[in-house]
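S.K.: task: produce atomic coordinates for the following.
(2 chains)
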2 protein chains.
Amino acid sequence: MTYELYYWPYIQGRGEFIRLALEDAGAAYNDVARGKEEDGEGIPALLAIMNSKDAERPPFAPPFLKAGKLVIAQTANILLYLGETEGLAPASVAGRHWANEIQLNLADFLVEVHDTHHPIAKSLYYEDQKPESKKRSELFIKERIPKFLGWYEKLLARNTSKKGWLIGAKLSYPDLSLFQVVEGLRYALPNAMKKAEKDVPRVIELRDKVAARPNIKAYLASTRRIPFNEKGIFRRYPELDS
Amino acid sequence: MTYELYYWPYIQGRGEFIRLALEDAGAAYNDVARGKEEDGEGIPALLAIMNSKDAERPPFAPPFLKAGKLVIAQTANILLYLGETEGLAPASVAGRHWANEIQLNLADFLVEVHDTHHPIAKSLYYEDQKPESKKRSELFIKERIPKFLGWYEKLLARNTSKKGWLIGAKLSYPDLSLFQVVEGLRYALPNAMKKAEKDVPRVIELRDKVAARPNIKAYLASTRRIPFNEKGIFRRYPELDS
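M.R.: Sure, this is the predicted structure:
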């Protein structure tokens, strides 16, 4: 089966967390909204599912994944599914819920990253909420980055398997997502991250281990990896950095 | 087995979504942080787990649930677990992921509700971010309430079972959470909700059906239901209402 991923084609965004899982697993997938309209793909194909007048279970927002007849939305929910089908998570009840718990924490962190440049409303431009963004970013850098990264560092230190992964002795999907969060923060807030990284050496080691995995390495070097930009979640606005 | 729920004792907050599921299921549970310190309960019992120096899987934040040896955090993750153990979700793969998808959407909505009074930082008081809260609330009322409630209304309209629940022909845990969101919005933003409710009659019918369930009715009338207040997620600040 070839999975179909539906996500905005211009940004990494939340879709990137799904791409990294599919790429690491070596799964066959079609990034539909990046295809050509004349082939029945592109954004119209995404919107056709979103705006369907009779779908019983219409997604609220991208990303969503088609796996055969199943359509699954919400990043952490898609990863929960792929964790099982692609062997990217422990099989035990305890392990599956622990992977989901870490992923949901990463999702919470991501909302806070987004709100550093959109503290007032998603529907307004950054330029319309700059003073508020500066205030929010200062406290995000001071309080939230250390709190979240510090938790991941603690989990890595306490994982008795000592293989450098978040859960047990092998990679699971939250490792891939944590890699992406580090990459994103390095892009968006390089000064703040330079300082923050000193306190989380295990997180950075994990980032390096993920980057070195053959499938991920090939993916990052390919055109399938959309560059970071100022339309996504992680945006480089130097005035927000420390 | 008696579940142990750990959550801040002063507020409904995210813990309330767990309480509603446990109460509706008639499950035996101990709301530990509301117990007495001399019995080894209360907030110190919660903090002992949070701040454990050697737990391999320490929760990032409450709520968390102890189920035998398992400790599970993140509201949607706990509900995913209870959905299975307490029969509060469909058993099929598609049904479980659909319930989780709706719950994660409700979680997203809840973050936006919280940020109406905390757009700049969780660590600041509301009084220190009032002008920003007013701006955020105006757009939340205008854009976000109709968008989220409108999606739930659509799901109810399209559920082919036509029994008034979000999924299939019987109640599942997202129904209980949607009830709580309606109750919370009615408390926090009564004027805005009075207007918004006109467009979502099925959501309001669902709210009424949940409130009439014997276990929920008994719970809401009991002292176990903490009243809404201005320390929780849903706060009544009249200046933020329409």
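
S.K.: is the biggest helix by length in chain A up against chain B anywhere?
M.R.: Criterion DSSP state H: the longest helix present in chain A is helix A:93-117. Yes. Applying CB under 8 Å from any CB of the partner chain, one finds helix A:93-117 touching chain B at A:93-94, A:97-98, A:100-101, A:104-105, A:108, A:111, A:115. From N, CA and C alone the C-beta is placed, and that goes for glycine too.

S.K.: and those, which are buried?
M.R.: Among the residues of helix A:93-117 next to chain B, those scoring as buried are A:97-98, A:100-101, A:104-105, A:108, A:115 (criterion: 16 or more other CB atoms under 10 Å in any protein chain shown).

S.K.: in chain A, which spans are strands?
M.R.: Assigned by DSSP state E, chain A shows strands spanning A:3-6, A:29-31, A:64-67, A:70-73.

S.K.: sheet-wise, list the partners of the last one with their directions.
M.R.: Looking at strand A:70-73 with DSSP bridges, its paired strands and their directions are strand A:64-67 (antiparallel).

S.K.: got the domain ranges for chain A?
M.R.: As assigned by automatic domain parsing, chain A contains the domains A:3-85, A:93-213.

S.K.: would you format the ones you listed as TSV with distance to B:K195 and mean pLDDT included?
M.R.: TSV is the format used below for the domains of chain A (distance: least, CB to CB, whole Å; pLDDT from 0 to 100):
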stretch	distance to B:K195	mean pLDDT
domain A:3-85	22	97
domain A:93-213	19	97
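
S.K.: in a markdown table: these, plus distance to B:G42.
M.R.: Formatted as a markdown table, the domains of chain A follow (distance: least, CB to CB, whole Å):
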| stretch | distance to B:G42 |
| --- | --- |
| domain A:3-85 | 32 |
| domain A:93-213 | 24 |
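
S.K.: can I get the strands of chain A in JSON lines including distance to A:E37?
M.R.: Formatted as JSON lines, the strands of chain A follow (distance: least, CB to CB, whole Å):
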{"stretch": "strand A:3-6", "distance to A:E37": "14"}
{"stretch": "strand A:29-31", "distance to A:E37": "14"}
{"stretch": "strand A:64-67", "distance to A:E37": "18"}
{"stretch": "strand A:70-73", "distance to A:E37": "21"}
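
S.K.: a markdown table for those strands, including mean neighbour count?
M.R.: Listed next are the strands of chain A as a markdown table, based on neighbours: other CB atoms under 10 Å in any protein chain shown:
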| stretch | mean neighbour count |
| --- | --- |
| strand A:3-6 | 23 |
| strand A:29-31 | 17 |
| strand A:64-67 | 22 |
| strand A:70-73 | 21 |
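
S.K.: out of these, which gets nearest to B:L139?
M.R.: Set against B:L139 and scored by CB to CB, the strands of chain A come closest in strand A:70-73, at 23.6 Å.

S.K.: name the residues that touch the closest one?
M.R.: A:49, A:55, A:57, A:59-65, A:78, A:81, B:93-94, B:97, B:101 (CB atoms under 8 Å, 6 or more residues apart in numbering or on different chains).

S.K.: burial of the nearest residue to A:L240 once chain neighbours are set aside, as a residue count?
M.R.: Spatially, and ignoring its direct neighbours in sequence, A:L240 is nearest to A:S137 (4.1 Å; CB to CB, 6 or more residues apart in numbering or on different chains). Residues within reach of A:S137, counting by other CB atoms under 10 Å in any protein chain shown, total 25.

S.K.: again with A:D39
M.R.: 9.

S.K.: for A:T2, same thing?
M.R.: 10.

S.K.: how about it, what does it touch?
M.R.: A:28-30.

S.K.: ok, so of the residues you listed, who is nearest A:K154?
M.R.: A:Y29 (33.5 Å).

S.K.: could you measure from the residue lying closest to that closest one once chain neighbours are set aside over to chain B?
M.R.: Of all residues not flanking A:Y29 in the chain, A:Y3 sits nearest, at 4.0 Å (CB to CB, 6+ apart). The spacing between A:Y3 and chain B, counted by CB to the nearest CB, to the nearest Å, is 14 Å.

S.K.: can you list the residue ranges for helices in chain A?
M.R.: Going by DSSP H, chain A shows helices at A:15-25, A:42-50, A:75-85, A:93-117, A:130-139, A:145-158, A:173-188, A:190-197, A:201-211, A:214-220.

S.K.: mind putting the ones you listed into JSON lines with distance to B:E127?
M.R.: Shown next, in JSON lines, are the helices of chain A (distance: least, CB to CB, whole Å):
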{"stretch": "helix A:15-25", "distance to B:E127": "37"}
{"stretch": "helix A:42-50", "distance to B:E127": "40"}
{"stretch": "helix A:75-85", "distance to B:E127": "34"}
{"stretch": "helix A:93-117", "distance to B:E127": "20"}
{"stretch": "helix A:130-139", "distance to B:E127": "15"}
{"stretch": "helix A:145-158", "distance to B:E127": "23"}
{"stretch": "helix A:173-188", "distance to B:E127": "30"}
{"stretch": "helix A:190-197", "distance to B:E127": "27"}
{"stretch": "helix A:201-211", "distance to B:E127": "35"}
{"stretch": "helix A:214-220", "distance to B:E127": "46"}
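
S.K.: which stretch among those helices comes nearest B:N229?
M.R.: Short answer: helix A:93-117, nearest of the helices of chain A by CB to CB, at 23.2 Å.

S.K.: next, the angle from that closest one to helix B:75-85.
M.R.: If you take axes from the mean of the first three to the mean of the last three CA atoms, to 10 degrees, helix A:93-117 sits at 150 degrees to helix B:75-85.

S.K.: what is the longest helix of chain A packed up against?
M.R.: Judged by 3 or more CB pairs under 8 Å, 6 or more residues apart in numbering or on different chains; DSSP states H and E, helix A:93-117 is in contact with helix A:75-85, helix A:130-139, helix A:145-158, helix A:173-188, strand B:70-73, helix B:75-85, helix B:93-117.

S.K.: can you lay out the ones you listed as JSON lines showing distance to B:L189?
M.R.: Converted to JSON lines, the helices and strands packed on helix A:93-117 look like this (distance: least, CB to CB, whole Å):
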{"stretch": "helix A:75-85", "distance to B:L189": "28"}
{"stretch": "helix A:130-139", "distance to B:L189": "21"}
{"stretch": "helix A:145-158", "distance to B:L189": "29"}
{"stretch": "helix A:173-188", "distance to B:L189": "33"}
{"stretch": "strand B:70-73", "distance to B:L189": "29"}
{"stretch": "helix B:75-85", "distance to B:L189": "22"}
{"stretch": "helix B:93-117", "distance to B:L189": "8"}
